[in-house]
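Undergrad: Sequence and predicted structure below; questions after.
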Amino acid sequence: MPSEVRKADPAGISARRRWLGRAVWLAVATVAYNLVEAGVALYAGVQAGSIALVGFGLDSVIELAAAAIVLWRLRLEARGAEVDRVRSVEAGVTRFVGVTLVALAAYVIIQSVWVLWTHHAPQESWLGVVLAILSLLIMPLLGIGKLRAADELGSRALRQEAKETLACAYLSFALLLGLGANALAGWWWADPAAALLMVPWLLREGLEALEGGEDEGGLSG
């Protein structure tokens with residue numbers, strides 16, 4: 001975080017505040033949507049007896065935790081916390097997001113292997129299909145917006161959480177792919193197979209976040 005430059009550059013301070021405000025609203029939107037997504041997915045999954053939808057809801061809970069703690073970090077800076085305090089919190093939040101990325105990878109592995117082992121085909125649920133479509137439309141917009149804000153703010157925590165949002169969008173695609181492939185071609189394995197393709201990326205990003213949190217404050221210019 002180039003704090004010395006910001007202090008000497010009122011225009012830079014103003015621009016940072018604008019981007020910080022945008023990042024806060026994007027994080028609020030992520031938290032709010034994931035609250036709804038988790039509740040609807042878990043309800044629809046239980047009603048339809050769908051392991052895929054229940055897992056989708058659990059994924060939303062993981063993303064909710066990451067978004068909530070990033071929102072706390074952003075609001076801390078927005079309220080005018082000292083630079084050293086922001087740096088310290090940024091480091092801890094970056095590590096926490098790394099843990100949630102690794103947890104998401106573990107969830108994908110466990111659920112996918114279980115589905116492949118038991119040949120458990122995804123059950124159709126119109127509510128689940130609508131939710132997955134909405135997530136596929138909304139989550140990429142939130143993720144891309146947060147990546148832009150993270151670049152402007154130099155926040156590793158926000159950047160890694162944005163990537164987790166994009167990962168959730170991919171899981172929405174995998175869920176839709178699995179439902180469609182099973183209904184049209186009987187390919188019950190399409191959903192877990194597609195989800196497993198993302199695991200190496202999730203692990204790499206998670207470990208990168210954990211290592212990034214060890215840097216001073218986790219902030220970059």
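TA: Received, thanks. Residues are numbered from 1 along each chain as shown.

Undergrad: Which pLDDT value goes with residue 52?
TA: Looking at residue 52, its pLDDT reads 75.

Undergrad: ok, it to residue 189 distance?
TA: 12 Å (C-beta to C-beta, to the nearest Å). To be clear about C-beta, it is placed using only N, CA and C from the backbone, and glycine gets the same treatment.

Undergrad: Show me which of those two is the more surrounded one.
TA: The neighbour comparison of residue 52 against residue 189 (other C-beta atoms under 10 Å) goes to residue 52, with 27 against 17.

Undergrad: Name the secondary structure element that contains that one.
TA: Following DSSP states H and E, one finds residue 52 within helix 51-78.

Undergrad: which residues do residue 52 and residue 189 both contact?
TA: Common contacts of residue 52 and residue 189, defined by C-beta atoms under 8 Å, 6 or more residues apart in numbering, comprise residue 115.

Undergrad: model confidence over the next helix or strand after the helix holding residue 52, on average?
TA: Counting by DSSP H and E, the next helix or strand C-terminal to helix 51-78 is helix 83-118. Mean pLDDT, helix 83-118: 92.

Undergrad: Show me which residues of helix 83-118 are buried.
TA: 86-87, 89-91, 93-105, 107-109, 111-112, 115 (16 or more other C-beta atoms under 10 Å).

Undergrad: can you check stretch 141-153 too?
TA: 142, 143, 145, 146, 147, 149, 150, 152, 153.

Undergrad: And stretch 171-186, by the same measure?
TA: Buried-residue list, stretch 171-186, by 16+ other C-beta under 10 Å: 171, 172, 173, 174, 175, 176, 177, 178, 179, 180, 181, 182.

Undergrad: Distance check, residue 125 against residue 31.
TA: Where residue 31 is concerned, residue 125 sits at a distance of 24 Å (C-beta to C-beta).

Undergrad: More neighbours: which of these two?
TA: Between residue 125 and residue 31, counted using other C-beta under 10 Å, residue 125 has the larger neighbour count: 21 against 17.

Undergrad: Tell me how many other residues surround the residue lying closest to that one once chain neighbours are set aside.
TA: Distances taken as C-beta to C-beta, 6 or more residues apart in numbering place residue 48 nearest to residue 125, at 3.9 Å, with adjacent residues excluded. When neighbours are defined as other C-beta under 10 Å, residue 48 has 18 of them.

Undergrad: So residue 31 versus residue 149, what's the distance?
TA: Residue 31 is 15 Å from residue 149, by C-beta to C-beta.

Undergrad: which element follows the host helix or strand of residue 175 toward the C-terminus?
TA: Per DSSP H and E, residue 175 falls inside helix 156-185. Next helix or strand after helix 156-185 toward the C-terminus (DSSP H and E): helix 190-196.

Undergrad: what mean pLDDT would you report for that next one?
TA: pLDDT averaged over helix 190-196 gives 88.

Undergrad: Output the contacting helices and strands for it.
TA: Helices and strands touching helix 190-196, by 3 or more C-beta pairs under 8 Å, 6 or more residues apart in numbering; DSSP states H and E, are helix 83-118, helix 156-185.
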